[in-house]
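Asker: need coordinates for the below:
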Amino acid sequence: MDAKRLRLKHIAVLVMLLVLVGTLLSFFIAPVVSDKRTRERLGLPEDAFVTDTGRDPWVYVAEAGSVYLYGDKMFGIKRLYIPSAVNGIPLDSVTLFYHKPESIEAVILPATINAAKTFNAFRGWTGMRTLVFSSGTEDVSGSYIIYMPDLEEIYLPASIKKIDKNFLKEDGVTLYYAGTEEEWLALGDGAKWLMAEHTVVFETPLPEWAEK
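Answerer: So this is what the prediction gives:
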């Protein structure tokens, strides 16, 4: 009987340890969920809706008709997937990032982004090497790329319908376009100017990891 009780006690202790470890992992590693603890940890108001994309540990907060991005450098993530909507609020623009974590090497923008509302969003961001515009994106006529010294490549889908020369203002950046050269030239003077000033590689699909 004593041996049986001892085994049960050991099992109970093991279960408690597993629960404790799971709780700690969910707090420090797993994607953040919408709960009181998360809001308190980030100093957010009680009515803030907290969610995540399931692909990175960043927190997206829908509040007062806007979506805010919170994060912590300790996570050290390398790819930032920006969602197309959070809690029913569509994401149509990206403003200048206040905090630019150097660990992020790639940013994937959703097709819902409106170029007219997104201007110099990544200005001064060091460490970012890749920028991907998701399939379905049509307008990239805004000035996205300026003062980004580490940027090496930009991926553009064949769905692009509008682009101008102000799109890219950094030297040494290669543009990878999913469409043909004829389709690129058909985009107009902006595309032709970019082709004359920068390297454009045609018929290159978006990276598989960006399409997940």
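
Asker: map the structural domains onto the sequence of this protein.
Answerer: As recorded under automatic domain parsing, the domains making up the chain are 1-30, 31-73, 92-212.

Asker: Leu109 and Ile82 touch, don't they?
Answerer: Yes. Contact criterion C-beta atoms under 8 Å: Leu109 and Ile82 qualify, at 5.7 Å. Using the backbone N, CA and C atoms, a C-beta is placed for each residue, glycine as well.

Asker: who touches both of the two?
Answerer: Val94 (C-beta atoms under 8 Å, 6 or more residues apart in numbering).

Asker: circling back to that earlier point, any idea which of the domains of the chain scores lowest on pLDDT?
Answerer: Mean pLDDT is lowest for domain 1-30 out of those, coming in at a mean of 43.

Asker: host element of Met195?
Answerer: For Met195, the host element (DSSP states H and E) is helix 189-197.

Asker: quick one: contacts of that helix?
Answerer: 141, 162-168, 175, 184-185, 200.

Asker: that one: what's the following helix or strand?
Answerer: Later in the chain than helix 189-197, the nearest helix or strand by DSSP H and E is strand 199-201.

Asker: and that following strand, what other elements does it pack with?
Answerer: Packing partners of strand 199-201 (3 or more C-beta pairs under 8 Å, 6 or more residues apart in numbering; DSSP states H and E): strand 174-177.

Asker: now the strand it packs on: buried residues?
Answerer: Across strand 174-177, burial judged by 16 or more other C-beta atoms under 10 Å covers 175-177.

Asker: and if you look at stretch 174-190?
Answerer: Burial within stretch 174-190, assessed by neighbour count using 16+ other C-beta under 10 Å, is assigned to 175-179, 184, 187, 190.

Asker: between those, which is nearest Val86?
Answerer: Among the buried residues of stretch 174-190, Ala178 lies closest to Val86 (C-beta to C-beta), at 27.0 Å.

Asker: separation between the closest residue to the closest one other than its chain neighbours and Ala115?
Answerer: Leaving aside its chain neighbours, Ala178 sits nearest to Ala158 (4.2 Å; criterion: C-beta to C-beta, 6 or more residues apart in numbering). To Ala115, Ala158 is 17 Å away according to C-beta to C-beta, to the nearest Å.

Asker: looking at the two, which is more packed in?
Answerer: In this view Ala158 and Ala115 are compared by other C-beta atoms under 10 Å, and Ala115 has more residues nearby, 22 against 16.

Asker: hmm, Val140 and the more buried one touching each other?
Answerer: Yes. Using C-beta under 8 Å, Ala115 makes contact with Val140 at a distance of 5.3 Å.

Asker: tell me how far Lys78 lies from Ser134.
Answerer: Separation of Lys78 from Ser134 (C-beta to C-beta): 18 Å.

Asker: picking up where we left off before, narrow the contacts of helix 189-197 to those in helices?
Answerer: Judged by DSSP state H, the subset of the contacts of helix 189-197 located in helices is 184-185.
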